[in-house]
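Novice: Requesting a structural model of the entry that follows:
(one chain, ligands or ions: 2)
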Amino acid sequence: MPGLNQVDVKRIERILNIVLDEARPPVGRCRLLSSGFAPYHTLQLEENIAGFKGCIGCGNCIDACPLLAREPRRRERTPQRTSFALEALVAEDCDRCDNCVLVCPQVDTTIKHYIVNTRMVEGMARLVKKVESDEEAMMVFDF
Ligand code: SF4
Ligand code: SF4
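Specialist: Ligands and ions are numbered 1, 2, ... in the order given. Below is the predicted model of the structure:
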């Protein structure tokens with residue numbers, strides 16, 4: 001849950017593109033590239049968690065993943081709702097849509113805006129193509 005001082009994407013652009021180009025869930029690594037919990041976050045906690053970049057287990061990334069939506073049986077492998085679970089459930093079958101990054105509360109808005117501005121059109125086109133080819137495969141299977 002980043003604050004106002006978020007990562008400058010120009011400083012991490014090269015590594016960010018390497019992460020986003022891989023067919024593996026990118027959300028965990030995008031979290032680590034982010035600034036972490038803002039010091040003035042309103043959660044009432046005894047410990048100081050400013051800068052914490054860990055997964056908070058909200059499950060947003062799992063809910064937003066199109067691969068898990070198309071193949072819900074994958075989710076039966078674990079009830080956990082963390083980025084670690086997402087990595088295990090999706091592995092190298094990732095569609096590279098970047099949805100998981102966009103819905104993660106721990107990823108900086110600067111990174112999300114970079115994705116929306118530079119990669120979203122290409123990502124959605126790739127996803128539509130993937131869904132269409134999956135549907136064609138299902139039709140062949142039905143016969
Ligand atoms: S398919 Fe999309 S939402 Fe699912 S892990 Fe890959 S990038 Fe994230
Ligand atoms: S969306 Fe939630 S569960 Fe997924 S990596 Fe971010 S904090 Fe963790």
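Novice: what's in contact with the helix of greatest length in the chain?
Specialist: Assignment by DSSP state H gives helix 120-142 as the longest helix of the chain. With contacts defined as CB atoms under 8 Å, 6 or more residues apart in numbering, helix 120-142 is touched by 66, 70, 95-98, 115. Placement of C-beta: from N, CA and C, glycine included.
Novice: out of those residues, who's nearest residue 7?
Specialist: Checking the contacts of helix 120-142 against residue 7 by CB to CB gives residue 115 as the nearest, at 13.0 Å.
Novice: didn't the closest one look like it was pressed against residue 98?
Specialist: Yes: using CB atoms under 8 Å, residue 115 is in contact with residue 98, at 5.0 Å.
Novice: shared neighbours of those two, which are they?
Specialist: Counting by CB under 8 Å, 6+ apart, the residues touching both residue 115 and residue 98 are 20, 123.
Novice: which one of those two has more residues nearby?
Specialist: residue 98 (25 against 21; other CB atoms under 10 Å).
Novice: and the most centrally placed residue in the chain, what is it in contact with?
Specialist: Centroid check for the chain by CA atoms, centre = their mean gives residue 100 as the closest residue, at 2.4 Å. Residue 100 is in contact with 25-27, 60-61, 64-65, 83, 86, counting by CB under 8 Å, 6+ apart.
Novice: Restricted to helices, list those.
Specialist: Per DSSP H, these map to helices at 27, 60-61, 64, 83, 86.
Novice: From ligand 2, how far off is the residue nearest to residue 109 when sequence neighbours are not counted?
Specialist: Leaving out its chain neighbours, the residue that sits closest to residue 109 by CB to CB, 6 or more residues apart in numbering is residue 6, at 6.0 Å. From residue 6 over to ligand 2 the distance is 15 Å, taken as CB to the nearest ligand atom, to the nearest Å.
Novice: No further questions, thank you.
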